[in-house]
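1. with the input below, show me the fold.
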Amino acid sequence: MSLVMIAFNLVCLTALLAGASSLLLGQKDKLPNDVRWVRESSEYANLCRQTFRMAQDTVRDQIKNSSGQKIAVVMDLDETVLDNSLYQVERHRLGLGFTQDSWSAWVKREEAGLVPGAKSFIDFLRKQPVRLIFLSNRMNENLAPTKSNLRKLGVLRADDLFLLRVDKPDTKIKRRSEIIEGKGGSLHRDRLFWRFVGRFPRLLRGCFRRDLFHATQPDVREMVR
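-> Residues are numbered from 1 along each chain as shown. Okay, here's the model as predicted:
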């Protein structure tokens, strides 16, 4: 085989490999539809803002009809207040899924953003006679970086309460029940009237009431495969 032919074959092989590499890179860089929807869709942002506006109306009504009772607003954190889509993008581009260790490392970076409409709603709550409680499956050991992240985003107040996860048996369902059943210590006289969480128990999915809102955000574990 002549040197010219060898050189030609090498050039063709190099071009093929480069094309294949570019194709694979393009596939890897293309985000899943659910992640792209959260990060790029105006529909998603508008739905979030609309839900928060509906929640404001409900808060006003509940305060008006509270007859002086104490009121608590219980909110989830991840994909309800905090936008963790950057974590999902990074895991996707690494070809990796959700792990507790990688999630904990992300939380400690304190780089989550805000879900559209969340700050406006929380700013509204600050002007009302209500107590804000954050109920989350974030581990309690990550309470400090969680508070720091919220502080950076301008949505933390010193008297906010946090009910994070202590261990595996300490499920969100259990902690939510404790609030509703009045086992929350100083909250035993408070009236829970509104819950906005990203991941309701299966039986509650799709259930909408005057005092119950289901967030539009996908679950982090569902978004990262």
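
2. in the protein, which spans are helices?
-> Ranges of helices in the chain, per DSSP state H, are 3-29, 33-40, 42-64, 85-93, 100-109, 118-126, 143-152, 172-180, 220-223.

3. would you turn those into TSV with mean pLDDT?
-> Below are these laid out as TSV (pLDDT from 0 to 100):
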stretch	mean pLDDT
helix 3-29	44
helix 33-40	93
helix 42-64	93
helix 85-93	96
helix 100-109	97
helix 118-126	97
helix 143-152	98
helix 172-180	82
helix 220-223	33
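
4. closest one to Asn137 among those?
-> Closest to Asn137 of these is helix 172-180 (Cβ to Cβ; 5.3 Å). Any C-beta I mention is one placed from the backbone N, CA and C, and that applies to glycine too.

5. care to break the chain down by domain?
-> Using automatic domain parsing, the domain parsing of the chain gives 1-30, 33-223.

6. max-length strand in the protein?
-> strand 130-139 (DSSP state E).

7. sheet-wise, list the partners of that one with their directions.
-> strand 71-75 (parallel), strand 161-165 (parallel) (DSSP bridges).

8. extract the CA atoms of it and return them as CSV.
-> The C-alpha coordinates for strand 130-139 follow below in CSV (Å, rounded to 0.1, in the frame of the first residue of the first chain):
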residue,chain,number,x,y,z
VAL,A,130,-48.0,33.8,59.8
ARG,A,131,-45.1,31.5,60.8
LEU,A,132,-43.1,29.9,58.0
ILE,A,133,-41.9,26.3,58.4
PHE,A,134,-39.6,24.6,55.9
LEU,A,135,-40.3,20.8,55.7
SER,A,136,-37.7,19.0,53.7
ASN,A,137,-36.0,15.6,53.2
ARG,A,138,-32.6,17.3,53.2
MET,A,139,-30.6,15.8,56.0
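
9. give the rounded mean pLDDT of that strand.
-> Averaging pLDDT along strand 130-139 gives 92.

10. how far away is Asn142 from Ala118?
-> 19 Å (Cβ to Cβ, to the nearest Å).

11. those two: who's more crowded?
-> Ala118 (22 against 19; other Cβ atoms under 10 Å).

12. which pLDDT value goes with Gly198?
-> Reported pLDDT for Gly198: 32.

13. also the one 3 residues further on?
-> Among the per-residue scores, Pro201 holds a pLDDT of 33.

14. mind starting the numbering at 39 from now?
-> That works, and once the first residue is 39, the last one we named lands at Pro239.

15. any chance of the helices of the chain in TSV with distance to Leu173 as columns?
-> Below are the helices of the chain laid out as TSV (distance: least, Cβ to Cβ, whole Å):
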stretch	distance to Leu173
helix 41-67	35
helix 71-78	21
helix 80-102	15
helix 123-131	20
helix 138-147	16
helix 156-164	15
helix 181-190	12
helix 210-218	6
helix 258-261	16
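
16. most tightly packed of those helices?
-> For the helices of the chain, average neighbour numbers computed from mean count of other Cβ atoms under 10 Å are highest in helix 123-131, which has a mean of 19.

17. now that helix - C-alpha only, CSV.
-> The C-alpha trace of helix 123-131 is given here as CSV (Å, rounded to 0.1, in the frame of the first residue of the first chain):
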residue,chain,number,x,y,z
SER,A,123,-31.6,22.1,38.2
LEU,A,124,-27.9,23.0,37.9
TYR,A,125,-27.1,19.9,40.0
GLN,A,126,-29.2,17.8,37.5
VAL,A,127,-27.4,19.3,34.5
GLU,A,128,-24.0,18.5,36.0
ARG,A,129,-24.9,14.9,36.8
HIS,A,130,-26.3,14.4,33.4
ARG,A,131,-23.2,15.7,31.7
